[in-house]
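**Q** only geometry, no sequence info:
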């Protein structure tokens, strides 16, 4: 059951000042997680080249996304049961320690391990931030906070690649500083969170759904490994088939366990709500397309255009501009009339069109054209990223905000993880074959340039190789990357159809904490409660799923 607030403490007063202070703590944590996801992108070619992992490049991103995905439901449920402040601080600590480990990694294997640990912290930062915002801000007013969040992610999208490129190109620093920089940022975020994150304590005697956590972890891990190894080792390889079997068994076990759990980690009743289901499916499809499209583009740009890591990072600026433009404009319109469905439809359509456009990439594609592609992709992402989460949160009762937020994000990250794994496998498999052919066809020139294997290829070596080897390598990258975008087009086409059937429920007028009796909206309300002695008797809502038909006539639903 939903844990009640501590009866010994009066409700928190959600003044505008308190909301802004809490929001500042959330921004500090989100900045650290968002910055890390982009700072590595421009450094990846050098990192994997120096650590000898070019053929396993996808694991740098997959490890982080897999770990993030695994812990999202855990953070969401635990936050609903015991409060979110301590969990938020733990997530910051995990992320900071893992950054030190990644900077000191002696080889590619250890680097991937520490990236996974980073994901354990990053998943908490993103989920808890979104859930806390829903706790303190009504759904109708939540749009006003989308602008700063969009600007933060825009700043990260710009600053991350630029800072990562600067460190990578610097002889005095090196790519390790992409992770060392997280230490002061993490310490600062922890200090702000410790002092500013004033949230109610909760008490819960509900037993942990340990079996559900284990089954969900096994399901997610086996699915991701199946897709990753299937593309590289073959779909009929014994290990691949074993992972497929493990996925089926663990998925069935998870459903059976959750049906019997007292407080399931992912309540199956969520999936009886059509609005939540559609919003979650849209998030999953967009996550697949978004991460797949941007994960390997900086690598392609460095190899094909001879750009430095910092130079390729500059080409993320158009995407950032698109995100900020559409997320702020859509947020202001939602704040006025409360309608959000139109933006989800438009966002999916724009992303779909951009992916089709990206299939035309070649070694001769101009930087202006690539910049326009990134801008268009950013416009689509800005229209949909926050709105699918808003729709999911608004479709459930206040007591399930954390669980709904984490489940929605979980499936988005599953899409992202699968996208990077499958897309990365297809890309690197084609790339390894194409690079082998390019190096074999120019063996003498490759040997003179010190390029002995595709696994140790770095952008600097390609730029210094000269012709015709350089053109052969650039063509190998282009011929490996562009065709793979076609695999994403059918998925986004289905998402576009789903966006039309998303039901637009009128946005809630009360913050989650107010609806749960943990907070009031003014000092006058608090004074009245204290005079009556009623604050200790404020009940927590039952953890039943909001049925759209119970309190809203069909006429009130915008379809």
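**A** Ah, there it is. All values derive from a computational prediction rather than experimental measurement. Numbers count the residues shown, from 1 in each chain.

**Q** moving C-terminal of whatever helix or strand residue 164 lives in, what's the next helix or strand?
**A** Using DSSP states H and E, residue 164 maps to helix 146-169. Remark: after helix 146-169, the chain's next helix or strand is helix 177-180, criterion DSSP H and E.

**Q** mean confidence score for the helix holding residue 164?
**A** Here helix 146-169 scores 73 as its mean pLDDT.

**Q** and if you look at stretch 280-293?
**A** 82.

**Q** What of stretch 213-223?
**A** For stretch 213-223, mean pLDDT rounds to 89.

**Q** starting at the chain centroid, how far to it?
**A** For stretch 213-223, the separation from the chain centroid amounts to 18 Å (computed by CA atoms, centre = their mean, to the nearest Å).

**Q** buried residues in it?
**A** For stretch 213-223, the neighbour count (16 or more other CB atoms under 10 Å) marks 213, 215-223 as buried. (Each C-beta comes from the backbone N, C-alpha and C, glycine too.)

**Q** just these now: which is nearest residue 229?
**A** residue 222 (10.4 Å; CB to CB).

**Q** Which element, helix or strand, includes that closest one?
**A** helix 210-233.

**Q** Just the angle for the helix or strand that that helix is followed by relative to helix 210-233, thanks.
**A** Per DSSP H and E, the first helix or strand lying C-terminal to helix 210-233 is helix 238-260. For helix 238-260 against helix 210-233, the angle by axes from the mean of the first three to the mean of the last three CA atoms, to 10 degrees is 160 degrees.

**Q** wait, what's in contact with residue 233?
**A** Residue 233 makes contacts with 239-240, as judged by CB atoms under 8 Å, 6 or more residues apart in numbering.

**Q** make that residue 502, sorry
**A** Shown in contact with residue 502 (CB under 8 Å, 6+ apart): 275, 278-279, 282, 341, 344-345, 391.

**Q** Show me where the stretch 101-250 of the chain dips below the pLDDT cut-off.
**A** The stretch 101-250 of the chain contains residues with pLDDT under 70 at 143, 146-147, 150-151, 153-154, 157-158, 171, 200-205, 231-232.

**Q** Let's see that with 90 instead.
**A** Scanning the stretch 101-250 of the chain for pLDDT under 90 picks out 102-112, 116, 119, 122-210, 212-213, 217, 220-240.

**Q** Over to the stretch 251-400 of the chain?
**A** 259-272, 283-340, 358-368, 370-371, 374, 378, 381-400.

**Q** And the helices in it, which stretches?
**A** For the stretch 251-400 of the chain, applying DSSP state H, counting those that start in this stretch gives helices covering 274-295, 297-305, 309-314, 317-337, 341-358, 367-394.

**Q** Let me know the average pLDDT across the helix or strand containing residue 419.
**A** Here residue 419 sits within helix 401-441, counting by DSSP H and E. Per-residue pLDDT over helix 401-441 has a mean of 80.

**Q** How far does that helix sit from its chain's centre?
**A** For helix 401-441, the distance to the chain centre is 13 Å (CA atoms, centre = their mean).

**Q** Mind checking what helix or strand follows that helix in sequence?
**A** helix 443-448.

**Q** Surely residue 208 is in a strand?
**A** No: assigned with DSSP: H, G, I helix; E, B strand; the rest coil, residue 208 falls outside any strand and is coil.

**Q** need the helices of the stretch 251-400 of the chain in JSON lines with distance to residue 496, can you?
**A** Listed next are the helices of the stretch 251-400 of the chain as JSON lines, based on distance: least, CB to CB, whole Å:
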{"stretch": "helix 274-295", "distance to residue 496": "9"}
{"stretch": "helix 297-305", "distance to residue 496": "23"}
{"stretch": "helix 309-314", "distance to residue 496": "30"}
{"stretch": "helix 317-337", "distance to residue 496": "17"}
{"stretch": "helix 341-358", "distance to residue 496": "5"}
{"stretch": "helix 367-394", "distance to residue 496": "11"}
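
**Q** out of the ones you listed, which comes closest to residue 437?
**A** Across these, residue 437 has its closest neighbour in helix 297-305 (15.4 Å, CB to CB).

**Q** Now do stretch 95-110: everything it contacts.
**A** 32-33, 36, 48, 51-53, 56, 111, 113-115, 117-118, 120-122, 125, 176-180, 182-183, 186-187, 190.

**Q** Out of the residues you listed, which end up buried?
**A** Buried among the contacts of stretch 95-110 by 16+ other CB under 10 Å: 32-33, 36, 48, 51, 53, 56, 111, 113-115, 117-118, 120-122, 125, 176-180, 182, 186, 190.

**Q** With adjacent residues omitted, what lies nearest to residue 46?
**A** residue 168 (5.1 Å; CB to CB, 6 or more residues apart in numbering).

**Q** Thought residue 174 was touching that neighbour, still the case?
**A** Yes: under the criterion of CB atoms under 8 Å, residue 168 makes contact with residue 174 at 7.2 Å.

**Q** between these two, who's got more neighbours?
**A** Neighbour totals were compared for residue 168 and residue 174, and residue 168 leads with 27 against 17 (other CB atoms under 10 Å).

**Q** how about residue 452, phi and psi?
**A** Residue 452 adopts backbone torsions of phi -110, psi -20, taken as degrees, to the nearest 10.

**Q** Report the contact partners of the nearest residue to it once chain neighbours are set aside.
**A** Once flanking residues are discounted, residue 452 sits nearest to residue 446: 7.3 Å by CB to CB, 6+ apart. Contacts for residue 446 (CB under 8 Å, 6+ apart) come out as 439, 452, 465, 469.

**Q** If we ignore the residues flanking it in sequence, what's nearest residue 118?
**A** Once flanking residues are discounted, residue 118 sits nearest to residue 98: 4.1 Å by CB to CB, 6+ apart.

**Q** Check residue 38 too.
**A** residue 160 (2.8 Å).

**Q** Save the buried residues of stretch 213-223 as a markdown table, and put in distance to residue 402 too.
**A** Output for the buried residues of stretch 213-223, formatted as a markdown table (distance: CB to CB, whole Å):
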| residue | distance to residue 402 |
| --- | --- |
| 213 | 15 |
| 215 | 20 |
| 216 | 16 |
| 217 | 19 |
| 218 | 23 |
| 219 | 21 |
| 220 | 19 |
| 221 | 23 |
| 222 | 26 |
| 223 | 24 |
